[in-house]
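**Q** coordinates for the following, if possible.
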Amino acid sequence: VYLLDRESSQILFFPSITVAAATLVLIAFRNDDRWSLDQTLSARKAAS
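**A** Next comes the predicted model:
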């Protein structure tokens, strides 16, 4: 499905594939994420 003509549709496709790839990377390395807010809050809760 193209929202614009065939030439300008690539502008809309690139950001969505980038976001999808970044999401897969974040899911793959979820256990290595030490700077996320939920990881920080759970560490503080466990310490107290």
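**Q** give me the pLDDT value at D32.
**A** At D32, the model reports a pLDDT of 84.
**Q** what segments of this structure are helices?
**A** 9-28, 37-47 (DSSP state H).
**Q** including mean pLDDT and mean neighbour count, could those helices go into JSON lines?
**A** All C-beta spots, glycine's among them, are computed from the backbone N, C-alpha and C. Formatted as JSON lines, the helices of the chain follow (pLDDT from 0 to 100; neighbours: other Cβ atoms under 10 Å):
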{"stretch": "helix 9-28", "mean pLDDT": "80", "mean neighbour count": "10"}
{"stretch": "helix 37-47", "mean pLDDT": "86", "mean neighbour count": "9"}
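**Q** distance of the residue nearest in space to the middle of the chain from A47?
**A** The geometric centre of the chain, computed from its C-alpha atoms, lies nearest to T23 (Cα atoms, centre = their mean), at 3.2 Å. T23 sits 30 Å away from A47 when distances are taken as Cβ to Cβ, to the nearest Å.
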